[in-house]
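Enquirer: What shape does this take:
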Amino acid sequence: MTVASNIKVTPLPPTDGRSFGAIVTGVDLNKLNDIEFQHLRAALYEYTVIVVKDQAACTPAAQYALTNRFDPASTSYGHGKTLDTKKSILHPDLKTIPHQPQVQVIGNGHLDSFEGLTDIKLKHPHHATFHATRIPAEEDEHFTRFYRWHIDAALYDLNPPRATTLMAVRVPEGRTQTLRYDDGTGDELTVPLGTTAFVSGYTMYDILSDDDKAFARTTKVEYAPHPYVWMSSARSRSTGLGLVSEGKELSLDQLPPVDESKIQVLPMVWKNPVTGRLALQVHPSAVRKLHLADGTVMDELREVRDIVYLLQRPGIAPELVYAHDWEEGDMVIFNNHGCLHSVVGAFKEDEVRVFRQCNLAASAAPLGA
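Expert: Numbering: from 1, shown residues only. Got it, this is the predicted structure:
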């Protein structure tokens, strides 16, 4: 019996007839060997999101090593120096572990000390700080929204990371919330408190019409320079899927210096390097222009956003969302080139949640269709 034979991969029950997500048991990530890693990699590219159970002892060093194995030539944190820019919308949400700077700490509540950090206050992102509308404060305990659907990526200078690892160190127990789309459809979803929500980019592509598939395969997306600073004053749709067009984006002269060569123009559809499946992969909040097959560049922001929204919205329907019910010791690994994800939930101040996150800027751009 080989070591790898102890690994068990159990697909999650499909809600739409498609495989998305799997539970993995029988592996110690602190002692991961090459055969075991190949099983994890195969599972990741087949199921997109895998939950490796019982990893409470996994160290930040082991988490970085695991993440790096998906792309050994990658070294820098996926958002680069984005976190150093105080105007960035990401700045308040992430804290860097001093002895393993590629790993970030996220969560909610006060910690006296954690992994070399002292007297830190974590704040779980709340939709009221980012959405154009909000759930009334008196309903906040029981109702929530998707905060922001996104791909982990700087989207300026650095390539989008291939995989993200997310480790649950401390998870509040108990209640659920009702997640509302608040877009006039009546869509809603019961979710565990502080879930991370995932949707498959492959399913998002598969359910498009043939005409929309052809449009997506032949269109490229131009992202704003320094996008998380550019969007810092803008506000999101109630679904968390892209921004409302109110003219609140910062002008180029309000951004850090822009190097035109570092502006990213990426395919709208990305190819799975193992299975060949195609995923509709767009970070809807950072979109600035669309480059069409005939050479036309669409730069009217409202129109660009509306097109992307119409393509992506069917893919976040309640029945297509995997809302992970976190347990302490869960290490979730997700294929960042094949899914979108969102923070969810509204926490009370005394509800402490501690997670470690790692992703690394990829050594090459995503594969297009």
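Enquirer: residues in contact with Lys289?
Expert: Contacts of Lys289 were listed using Cβ atoms under 8 Å, 6 or more residues apart in numbering, and they are Val221, Glu222, Val297, Met298, Asp299, Val304. (Each C-beta comes from the backbone N, C-alpha and C, glycine too.)
Enquirer: try Ser233
Expert: Per Cβ under 8 Å, 6+ apart, neighbours of Ser233: Lys248, Glu249, Leu250.
Enquirer: Report the buried members of the residues you listed.
Expert: Listed as buried from the contacts of Ser233 are Glu249, Leu250; burial here means 16 or more other Cβ atoms under 10 Å.
Enquirer: Looking at the contacts of Ser233, spot the one nearest Thr59.
Expert: Comparing those against Thr59 with Cβ to Cβ places Leu250 closest, at 39.1 Å.
Enquirer: Would you check that that closest one makes contact with Pro227?
Expert: No: between Leu250 and Pro227 there is no contact under Cβ atoms under 8 Å: 10.3 Å.
Enquirer: show me where pLDDT drops low in the stretch 201-350 of the chain?
Expert: For the stretch 201-350 of the chain, no stretch is flagged by pLDDT under 70.
Enquirer: Mind jotting down where the helices sit in it?
Expert: Here the stretch 201-350 of the chain has its helices, by DSSP state H, counting those that start in this stretch, at 201-206, 210-217, 227-230, 301-312.
Enquirer: Look up how far Thr176 lies from the nearest residue to Glu141 once chain neighbours are set aside.
Expert: With sequence-adjacent residues excluded and distances taken as Cβ to Cβ, 6 or more residues apart in numbering, Glu141 is closest to Ala346, at 7.0 Å. Per Cβ to Cβ, to the nearest Å, Ala346 is found 12 Å from Thr176.
Enquirer: Between these two, which has more neighbouring residues?
Expert: More crowded of Ala346 and Thr176, by other Cβ atoms under 10 Å: Ala346, with 24 against 15.
Enquirer: who's in contact with that one?
Expert: Residues near Ala346 by Cβ under 8 Å, 6+ apart: His124, His126, His127, Asp140, Glu141, Phe143, Thr144, Gln177.
Enquirer: 10 Å - rerun?
Expert: Contacts for Ala346 (Cβ atoms under 10 Å, 6 or more residues apart in numbering) come out as 108, 124-128, 135, 137, 139-145, 147, 177, 193-194.
Enquirer: Buried subset of those residues, written for ChimeraX?
Expert: ChimeraX command restricting the contacts of Ala346 to the buried ones, with burial defined by 16+ other Cβ under 10 Å:
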select :108,124,125,126,127,135,140,144,145,147,177,193,194
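Enquirer: out of the contacts of Ala346, which are inside strands?
Expert: Of the contacts of Ala346, the ones assigned to strands by DSSP state E are Asn108, Phe143, Thr144, Gln177.
Enquirer: Lys348 is in contact with the first one, correct?
Expert: Yes: counting by Cβ atoms under 10 Å, Asn108 touches Lys348, with 8.7 Å between them.
Enquirer: what touches both of the two?
Expert: With Cβ under 10 Å, 6+ apart, Asn108 and Lys348 have common neighbours Pro172.
Enquirer: With just CA atoms, put the helix or strand containing Phe198 into PDB.
Expert: Element membership for Phe198, per DSSP states H and E: strand 196-200. The C-alpha coordinates for strand 196-200 follow below in PDB (Å, rounded to 0.1, in the frame of the first residue of the first chain):
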ATOM      1  CA  THR A 196     -17.100  31.500   1.900                       C
ATOM      2  CA  ALA A 197     -19.200  31.200  -1.200                       C
ATOM      3  CA  PHE A 198     -17.900  29.700  -4.500                       C
ATOM      4  CA  VAL A 199     -19.300  29.300  -8.000                       C
ATOM      5  CA  SER A 200     -17.800  27.400 -10.900                       C
END
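Enquirer: residue boundaries of the strands in the stretch 251-369 of the chain?
Expert: Taking DSSP state E, counting those that start in this stretch to define them, one finds strands in the stretch 251-369 of the chain at 265-267, 269-271, 278-280, 287-291, 297-298, 322-324, 331-335, 339-343, 353-359.
Enquirer: what do you get for the stretch 51-200 of the chain?
Expert: Going by DSSP E, counting those that start in this stretch, the stretch 51-200 of the chain shows strands at 95-96, 103-114, 117-122, 143-144, 163-170, 176-180, 188-192, 196-200.
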